[in-house]
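Asker: How does the following fold in three dimensions:
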Amino acid sequence: MKKFINNKRLIIIFLSLTVAFTSCQDDDADFGDINAPTGVTISAEIIGVDTTNPNGDGTGIVNFTASSNGAITYRFNFGDQSDVKVAPSGTITHRFSLTGVNTYSVTVIASGRGGVSSTATINIDVFSSFEDQEAKDFLTGGAGLSKTWYWAADKPGNIGLGPNAVQSGGEHTFSQWFTSDAWHGDKLCMYDAEFVFTQAVDGSLTFEQLTDIAYTPGDFAASIGVDGDTCHGTDVAPSLDGIKNVALSPSSSTATVAGDYRGTTMTFSDGGFMSWYVNVNVLEIIEITENTMFVRMTDSSNPDLAWYCKYQTDNPND
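Answerer: Numbers count the residues shown, from 1 in each chain. Next comes the predicted model:
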């Protein structure tokens, strides 16, 4: 009798496995055939092209359009050491910032079901007339040199918060909601951070944060589910580590225009940032000198918030 019961259990288990296997097969059938996209094309519209300006008007802005059969989304590698960008629709705009006429090899990766992909590449010649050599030299000390920066911890206003959207009174260009004290009590953990900017002989810029310190303000921390108003490391902000490329480009925010900012924006590759972690790699320079820098950025979790950060070349910990 006991043997019969055991055999019965084996039959039930076998039937259960059969049903589970059949269910998986049905799911695969619903998923459809896994084929790489075909007929991938990419086209580029360089802004300002005419008979006088065959490579554009100097803004460096290019509109791209990709298409294919069977693609779910597209990724663009612009060939200028900037981050790869995702564009599900296949259309995207990019600004090339290297001064002069430069050739870029732009690749689009069209991804289909199951992650299979196909690519297409075009070469384009783009003219950019934007240049802020003074800012490069302030950041680095000059071509072939490096400079180390620190938080302006010993100065009031090393951190500020204000509205990004224009308020009823017109305010949106300064830290009207919060301005930190020098050596602000809940920010002491971040003031040991060090940042190095390097300018190669050819004028290209790189950046490296030497300390794994990412201060995460409360609202943004809540959006990613970590403790707020404290410092984290690469476990929360993996983009802390590594050398990043830095591109300078014209600022375009309404705050830059209305606030009479310098008009130059820094964009860090690979998610780079300067210790203040709100998942933003674009910093507008408000003002910069040989020894001080004041920047502004928006909060990725709430674009109505604008953060203000001050840095300096004097180590406040000395």
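Asker: surely E208 meets F195?
Answerer: Yes: with contacts counted by CB atoms under 8 Å, E208 reaches F195, the gap being 7.5 Å. Just so you know, the C-beta spots here come from the backbone N, C-alpha and C atoms, and that holds for glycine as well.
Asker: which of these two has more neighbours?
Answerer: Neighbour count, other CB atoms under 10 Å: between E208 and F195, F195 has more, with 21 against 17.
Asker: which residue packs closest to the more buried one, ignoring adjacent ones?
Answerer: Leaving aside its sequence neighbours, F195 sits nearest to W149 (CB to CB, 6 or more residues apart in numbering; 4.4 Å).
Asker: can you pull out the helices in the stretch 201-318 of the chain?
Answerer: Here the stretch 201-318 of the chain has its helices, by DSSP state H, counting those that start in this stretch, at 218-224, 254-258.
Asker: and the first one, how far from the chain's centre?
Answerer: Spelled out, that is helix 218-224. Counting by CA atoms, centre = their mean, to the nearest Å, helix 218-224 is centred 18 Å from the centre of its parent chain.
Asker: mind listing what's buried in it?
Answerer: Buried residues in helix 218-224, counted by 16 or more other CB atoms under 10 Å: 220-221, 223-224.
Asker: and if you look at stretch 206-214?
Answerer: 206-209, 212-214.
Asker: export those to a markdown table and tack on pLDDT?
Answerer: Shown next, in a markdown table, are the buried residues of stretch 206-214 (pLDDT from 0 to 100):
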| residue | pLDDT |
| --- | --- |
| T206 | 98 |
| F207 | 98 |
| E208 | 98 |
| Q209 | 98 |
| D212 | 97 |
| I213 | 98 |
| A214 | 98 |
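Asker: Now name the helix or strand holding the residue nearest to F195.
Answerer: In the assignment (DSSP states H and E), W149 maps to strand 146-151.
Asker: same question for that strand, mean pLDDT?
Answerer: For strand 146-151, mean pLDDT rounds to 98.
Asker: angle of whatever helix or strand comes next after it against strand 146-151?
Answerer: Counting by DSSP H and E, the element after strand 146-151 in chain order, helix or strand, is strand 159-163. The directions of strand 159-163 and strand 146-151 differ by 70 degrees, with axes from the mean of the first three to the mean of the last three CA atoms, to 10 degrees as the criterion.
Asker: Name the residues that touch strand 159-163?
Answerer: 171-180, 184, 187, 276, 304-310 (CB atoms under 8 Å, 6 or more residues apart in numbering).
Asker: which residues in the stretch 51-200 of the chain form strands?
Answerer: 61-69, 73-77, 85-86, 91-95, 100-111, 117-128, 146-151, 159-163, 178-179, 194-199 (DSSP state E, counting those that start in this stretch).
Asker: Buried residues in the fifth one, which are they?
Answerer: This means strand 100-111. Neighbour-count burial for strand 100-111 flags 102, 104, 106, 108-111 (criterion: 16+ other CB under 10 Å).
Asker: Give me the number of neighbouring residues for G60.
Answerer: G60: 26 neighbours (other CB under 10 Å).
Asker: The one 4 residues further on now?
Answerer: Each residue near F64 was counted by other CB under 10 Å, and the total is 22.
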